[in-house]
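[1] No letters, just coordinates:
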């Protein structure tokens with residue numbers, strides 16, 4: 001009996017160690033390599049397949065240097081006001097405070113770092129182990145990637161409209177321009193849709209979306225003096 005228990009214990013230990021090493025390898029790999037396909041893209045394709053839709057995605061990777069600084073400011077203003085200085089987690093819930101009154105659909109307080117970890121390494125979920133692994137990968141990318149890479153991966157991987165992933169695809173689909181050409185207003189429109197990208201559309205602004213875009217622009221004014229060292 002003890003012999004079998006020992007084998008089981010060693011087997012579990014080997015599996016956990018292998019998963020740990022594999023996770024580190026992927027984190028290091030994605031620090032340098034563009035992320036062309038994510039678990040969230042996979043889930044979107046599966047949903048399309050199940051519903052009988054044509055399986056498709058709009059996505060085009062672009063380095064941060066080819067994106068508008070206005071978009072970076074708008075996304076930080078909308079999603080994670082303390083992004084540049086926190087350690088991956090908004091423990092003071094500053095973003096909720098800053099965005100109070102104009103984000104009625106906002107139900108959670110996750111940072112850009114947490115969202116990036118979730119988008120790149122995990123399938124969608126809402127349970128204890130999902131949050132545990134999200135925290136784990138957030139700590140890893142904060143340590144291994146740094147803010148510039150996290151923002152770059154986020155802006156290339158987050159779903160910004162239905163089956164539209166990343167800033168370049170969103171800018172071209174919505175405004176027929178590349179991401180580097182987005183102005184302040186267009187950037188705020190895109191950021192405003194992140195709360196519910198499958199339903200909100202800058203080309204079909206609702207009352208909520210108009211209010212949200214105006215709020216983001218007002219928050220951006222306090223970020224205008226920030227010069228990204230990217």
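    Ah, there it is. Worth saying up front: this structure is predicted, and the values here are computed from it rather than measured.
[2] contact partners of the lowest-mean-pLDDT helix or strand in the chain?
    Here the helix or strand of the chain ranked lowest by mean pLDDT, DSSP states H and E is helix 94-98, holding a mean of 76. Helix 94-98 has contacts (Cβ atoms under 8 Å, 6 or more residues apart in numbering) with 77, 79, 80, 81, 82, 106, 109, 111, 219. Yep, even glycine has a C-beta here, placed from its N, CA and C like the rest.
[3] Could you dump the residues you listed into a markdown table with pLDDT, neighbour count and secondary structure added?
    Shown next, in a markdown table, are the contacts of helix 94-98 (pLDDT from 0 to 100; neighbours: other Cβ atoms under 10 Å; DSSP: H, G, I helix; E, B strand; the rest coil):
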| residue | pLDDT | neighbour count | secondary structure |
| --- | --- | --- | --- |
| 77 | 91 | 25 | helix |
| 79 | 91 | 21 | helix |
| 80 | 91 | 23 | coil |
| 81 | 88 | 21 | coil |
| 82 | 89 | 18 | coil |
| 106 | 52 | 16 | coil |
| 109 | 72 | 17 | coil |
| 111 | 93 | 25 | coil |
| 219 | 90 | 21 | helix |
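[4] Closest to residue 55 out of those residues?
    residue 79 (28.3 Å; Cβ to Cβ).
[5] Now that closest one. Nearest residue, chain neighbours left out?
    residue 112 (5.5 Å; Cβ to Cβ, 6 or more residues apart in numbering).
[6] ok, now residue 48?
    residue 55 (4.9 Å).
[7] where does the one you found land in three-state SS?
    coil (DSSP: H, G, I helix; E, B strand; the rest coil).
[8] tell me the strands in the chain, going along the chain?
    58-59, 159-161, 164-165 (DSSP state E).
[9] Single out the most deeply packed of those.
    Among these, the stretch with the highest mean neighbour count (mean count of other Cβ atoms under 10 Å) is strand 164-165, at a mean of 25.
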